[in-house]
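*Asks:* just the structure for this:
(chains A and B)
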Amino acid sequence: MQKIGVFVCWCGSNIAGTVDVERVAQAVANEPGVVISTDYQYMCSEAGQLKIRQAIKEYGLTGIVVCSCSPRMHEATFRKTAQAAGLNPYMVEIANIREQCSWIHKDKDEGTEKAIILAKAAIAKLHLNTPLKAGESAVTKRALVIGGGIAGIQTALDIADAGYEVDIVEKSPTIGGKMAQLDKTFPTLDCAACILTPKMVDASAHEKINLFTYSEVEGVSGFVGNFKVKIRKKARHVKADLCTGCGVCTEKCPSRKAPNEFNQGLNKRGAIYIPFAQAIPNVPVIDTEYCVKMKTGKCGLCATVCPSKAIDFEQQDEIVEREYGAIVAATGYKLINLDNFEEFGYAQNKDVITSLELERLMNAAGPTKGTLLRPSDNEHPHEIVFIQCVGSRDVSGCGKPYCSKICCMYTAKHAMMIRDKYPDTKVHVFYIDVRTPGKNFDEFYRRAVEEYGVDYIKGMVGKVVEKDGKLLVQGSDLIANEQIKIEADLVVLATAIEPDPSVKNLATMLTASIDTNNFLTEAHAKLRPVESPTAGVFLSGVCQGPKDVPETVAQASAAAAKVIGLLAKDKLTCNPCVANSNELLCNGCSQCANVCPYGAIEYINKEVNDHGKREVRRIALVNEAVCQGCGACTVTCPSGAMDLKGFTTRQIMAEVDAICK
Amino acid sequence: MTVNEKELAERVIRISGVNTKKCMKCGKCSGTCPSFEEMEYHPHQFVSMVEKGQIKKLMESKSIWTCLSCFACIERCPRSVEPAKLIEAVRVCVIRQQGENHLKANAVPEKLDENMPQQAIVSAFRKYSK
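*Replies:* Numbering: from 1, shown residues only, chains lettered A, B, ... in the order given. Predicted coordinates for the structure are as follows:
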């Protein structure tokens, strides 16, 4: 028989206001096994915990029930309290009489009755509790960062600076990501390349950082501290160890038909190319879709001109297997497809462009060498219309329901820069709301209006049509209650952003969850914003939600701090409340393995002794380090072989019986 | 808002099935409306006026007859508010009050113009024959 102590917390007036705590304590005092039942103002306070510790020693308690707030809040606190008094921490049960009683009931009698029932259920369960011991697993002291944009680079640099090895896997031929494509960065207008490329160099030169560019993650197995990852190094068809990056091949390549991704398709590049001048690594890639040699067998000019014989048309993809203790997702974003917004005429008119295209048109390394020329005829645009919220805050199904967050600021930046460089250009911005929270952000937007004379119009554009070489923009001005028509030379769409499509597949591999918009979900929106709910998987940058460069860098460092905290440990304590299979009942059906979201169950052939009958059977084996104790297997198992330690079927049924009594 | 006006507003909401609270006041409906200049009250105003219960003003306005029922505002609204349905509901309120249609079915064939798009004919029926 257990000797049980019951401790009822008032939580100030949070519980005591709606639940008669004294009555609860009295009502359970005579339950079987209960030797002490008491109440106190704040059980979680130092004085409250002391009360519990003293009672454990004084009455020789074998288990305690704390009637208080949600176990998510203070279960860990009371387990530590119990442990300090020599009790096994898993001999603690929490009856949630705050969130489940006082906060949802107005009637004190009702609240009290329910609290008593919940306390009785906890007591009934505690009778069947057994002391549990958490296991340990080793930690591989290396991190994997997936994505080599500013988020991934910053995370990797911070982890590496702490002395741990980091691999960056980047799917494109160079690191740098979207930030490398930007011209200037708000709100200080420093050149993106000037602040990014030194970081790219740092990352590639860091002795603890290993770059896998033009590579993709192909499979992930294992668990926190012990991930095994398959990385596909796609064939560049250029031997990186021989290539000197001289660039002769890229100049001589006769194929000039491939759209230049780095310039958002605004110009063409060769079939063998280096994305941009400061690319890291400075090693070209052959685009097999456009390479004449790869398609017809004739050409090979690049191989002829290469002074270091680095071209290798026969090169194959390579699979590398590496082990990691932690994984950081930093997969970033892309602009949404604008097919659903035919009213803006993006597909029909070359002079209707996205903001990212404008970045390239204003960038000194872009297709126009930094002179703003409109794509259709390479003329200076004299009247420019910016349209905000294209596809953002859209619940009609055409766009995305969320605010893309970065557009208000970069549109103000674009408008300001154009007015600064070309003062004869009229600039209009159609906006729904201007959202500029952030340090020096609103001041920046106001400067665009007040100092640079950008015409902000509260309203939305209904349609853009081409007319005699001009773009006729029809929109509303809600302040003036007018419909206005502007003959523009260039229309710039502040296009909504969405997570990079690769994230879906990656989330499946990592068993990390994604939301309805495909953003990776954080473990807690406020208190654990850079951790995924899957242990050992962390989030950095826009893959978790829209954010600008300063926020991305902050989050990247936060994710790095979490990774360092994990890698600094030699051993990890596992959750002891894990599933285990009764080998005599298991019929080897595999249903548990199929439903396990963590891949924690494998099947082995094992000799079992079934009442003296020895035979080899196929049975389920739970990897306790991987199991998160969700219980999906226990309810799936048709033969009742699976059970969850700390939440056994018998314990749950005892609770139900106590509640129904 | 008088009791009568409140009833009217509820009727418009019921007939149209529109939730005016979904509107984020972006003005895309009025930016897109081809009949904007002919209207006293514009599509975005319809939404906020219905929300405020100012139905009588709308019923007396010429705007409800100058709306082309082209549904461009419905098509392009990012919040699926559907202003044209509100305008139609106000029209229906007027027509029911008058007890007759603006257009008799028999009078339609002689008004037909062979260049008139099919969609416009259907819209006209929707507009005048409730």
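
*Asks:* what segments of the stretch 401-550 of chain A are strands?
*Replies:* Using DSSP state E, counting those that start in this stretch, the strands of the stretch 401-550 of chain A run over A:426-431, A:455-458, A:461-467, A:470-477, A:482-488, A:490-495, A:497-499, A:537-539.

*Asks:* which residues touch the residue of chain B found nearest chain A?
*Replies:* For chain B and chain A, the shortest gap (CB to the nearest CB) falls at B:Thr32, measuring 2.7 Å. For every residue, glycine as well, the C-beta is placed using N, CA and C. Residues counted as contacts of B:Thr32 (CB atoms under 8 Å, 6 or more residues apart in numbering or on different chains) are A:Glu343, A:Gly462, A:Lys463, A:Gln474, B:Ala72, B:Cys73, B:Glu75, B:Arg76.

*Asks:* what's the closest non-adjacent residue to it?
*Replies:* Counting by CB to CB, 6 or more residues apart in numbering or on different chains, B:Thr32 lies nearest to A:Gly462, which is 2.7 Å off, once chain neighbours are set aside.

*Asks:* tell me, how many residues neighbour that neighbour?
*Replies:* 26 (other CB atoms under 10 Å in any protein chain shown).

*Asks:* where in the chain is pLDDT low?
*Replies:* Defaulting to chain A. Counting by pLDDT under 70, chain A contains no low-confidence segment.

*Asks:* um, chain B though
*Replies:* B:1-3, B:98-103, B:126-130.

*Asks:* where do the helices of it begin and end?
*Replies:* B:3-16, B:28-32, B:43-52, B:55-60, B:63-66, B:72-76, B:83-98, B:108-111, B:118-128 (DSSP state H).

*Asks:* which one of those helices lies closest to A:Gly631?
*Replies:* Taking CB to CB, helix B:3-16 is the member of the helices of chain B nearest to A:Gly631, at 45.9 Å.

*Asks:* can you point out the buried residues in the closest one?
*Replies:* Neighbour counts over helix B:3-16 (16 or more other CB atoms under 10 Å in any protein chain shown) mark B:Leu8, B:Ala9, B:Arg11, B:Val12, B:Ile13, B:Ile15, B:Ser16 as buried.

*Asks:* output these as CSV; include the columns distance to chain A.
*Replies:* Shown next, in CSV, are these (distance: CB to the nearest CB, whole Å):
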residue, distance to chain A
B:Leu8, 24
B:Ala9, 22
B:Arg11, 26
B:Val12, 21
B:Ile13, 19
B:Ile15, 21
B:Ser16, 17
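
*Asks:* contacting residues for residue 16?
*Replies:* The chain I'm using is chain A. A:Trp10, A:Gln41, A:Ser102 are the contacts of A:Ala16 under CB under 8 Å, 6+ apart.

*Asks:* think we crossed wires, I meant chain B
*Replies:* So B:Ser16 contacts B:Glu82, B:Lys85, B:Leu86, B:Glu88, B:Ala89 (CB under 8 Å, 6+ apart).

*Asks:* filter those down to the ones near chain A?
*Replies:* Near chain A, taking CB under 8 Å from any CB of the partner chain as the test, no member of the contacts of B:Ser16 is found.

*Asks:* still on that earlier bit, surely the residue nearest to B:Thr32 meets A:Leu472?
*Replies:* No: the criterion here is CB atoms under 8 Å, and A:Gly462 misses it with A:Leu472 at 11.1 Å.

*Asks:* for chain B, which residues are neighbours of chain A?
*Replies:* Residues of chain B lying near chain A (CB under 8 Å from any CB): B:22, B:24-33, B:36-37, B:42, B:44-45, B:72, B:76-80.

*Asks:* among those residues, which ones are buried?
*Replies:* B:24, B:26-33, B:36, B:42, B:44-45, B:72, B:76-79.

*Asks:* which residues does A:Leu472 form beta bridges with?
*Replies:* A:Val465, A:Glu487 (DSSP bridges).
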